[in-house]
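Visitor: sequence? don't have it. structure:
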């Protein structure tokens, strides 16, 4: 994986969550979601917690 991007959206999350945070990567020439996280917060601490979990819930 050499090229990747991140995105966060707020309007399409289930109740009890505030944000869907995703990381996408190019695989075989296509941009695909590699990691996704339903977040209960929208502040910078939320991103740190998401990254430190190593993809585990």
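Guide: Cool, got the structure. Everything quoted here is computed from the prediction, not taken from an experiment.
Visitor: tell me the contacts of residue 30?
Guide: Residue 30 makes no contacts at all, as judged by CB atoms under 8 Å, 6 or more residues apart in numbering. C-beta: built from backbone N, CA, C; applies to glycine.
Visitor: state the distance from it to residue 24.
Guide: With distances taken as CB to CB, to the nearest Å, residue 30 is found 10 Å from residue 24.
Visitor: just residue 36 next, same as before
Guide: Plainly put, residue 36 is 9 Å away from residue 24 if you go by CB to CB.
Visitor: tell me which of those two has more neighbours.
Guide: The neighbour comparison of residue 36 against residue 24 (other CB atoms under 10 Å) goes to residue 24, with 17 against 13.
Visitor: can I assume the more buried one is in contact with residue 4?
Guide: Yes. Contact criterion CB atoms under 8 Å: residue 24 and residue 4 qualify, at 6.3 Å.
Visitor: residues shared between the contacts of the two?
Guide: Common contacts of residue 24 and residue 4 (CB under 8 Å, 6+ apart): residue 34.
Visitor: near residue 37, how many other residues are there?
Guide: Neighbours of residue 37 under the rule other CB under 10 Å: 19.
Visitor: do the same with the one 5 residues further on
Guide: Here the number of neighbours of residue 42 (other CB under 10 Å) works out to 13.
Visitor: same deal with residue 22?
Guide: 15.
Visitor: how about residue 19?
Guide: Residue 19, neighbours per other CB under 10 Å, totals 21.
Visitor: now do residue 21
Guide: For residue 21, the tally of surrounding residues (other CB under 10 Å) stands at 19.
Visitor: helices and strands of this structure: which one bottoms out on pLDDT?
Guide: For the chain, scoring each helix and strand by mean pLDDT, DSSP states H and E identifies helix 44-52 as the least confident one, at a mean of 61.
Visitor: so, low pLDDT: which residues of this structure?
Guide: Counting by pLDDT under 70, the chain shows low-confidence ranges at 1, 46-57.
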